[in-house]
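1. Please find the sequence and the predicted model below.
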Amino acid sequence: MLYKEVSNNSEDWIKSNHYLDNLVKLIKGTGTMTVTYNFDDTIERLLHKINKDEGRRGYTVVWDPNVQAEKRENIVYHPNGYLPRKLSEFASAQLVFLEDSFEDQLVESFSGHYNALNNYYSSHTCLFLGISLEDRTLKHMLRMNAKKMFWSYALHS
């Protein structure tokens, strides 16, 4: 079970993992999108803890690449799926575990499946967690957005 060894108390695991406190401040400070390739709800639980003092949730969870994110703050995007601890928070319909599924994401990007997300990436600062710059899908996406930004700048200069 994914959450078998995880404490229900956010304070406990923040104290036992000192980097989490700084990580959540970084995530909240970006104010835009955090892209996490992890399935769990650690980021959401941390944001909930920091935002509950303000009396609000303060984040939005998405897993659909066609999300319209322009007017939301602290979006947590799970491109490979989402499995929250509480079932009432709605898990994603699909989880990406297999190499073939990762390859499908790359192929789908060629057909425009990720256009809304790529537009967002090319015009906003995003924080990526749980992925290596060696990942082929990420490298493709970053390169595609860099070229898009270059041509956009060149055409408007």
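-> In hand now; what should we look at?
2. Could you look up the SS state of the residue sitting nearest the centre point of the chain?
-> Closest residue to the average C-alpha location of the chain: Val35 at 2.1 Å, with Cα atoms, centre = their mean. Assigned by DSSP: H, G, I helix; E, B strand; the rest coil, the conformation of Val35 is strand.
3. partners of it in the sheet?
-> Val35 forms beta bridges with Tyr77, Phe128, as assigned by DSSP bridges.
4. From what I see, it and Cys126 are in contact.
-> Yes: with contact defined as Cβ atoms under 8 Å, Val35 reaches Cys126; the gap is 5.7 Å. C-beta: built from backbone N, CA, C; applies to glycine.
5. after the lowest-mean-pLDDT helix or strand in the chain comes which helix or strand?
-> Here the helix or strand of the chain ranked lowest by mean pLDDT, DSSP states H and E is helix 99-110, holding a mean of 60. Next along the chain after helix 99-110, taking DSSP states H and E as the criterion, comes helix 115-123.
6. same for that next one, what does it pack against?
-> Where contact means 3 or more Cβ pairs under 8 Å, 6 or more residues apart in numbering; DSSP states H and E, helix 115-123 is packed against helix 136-156.
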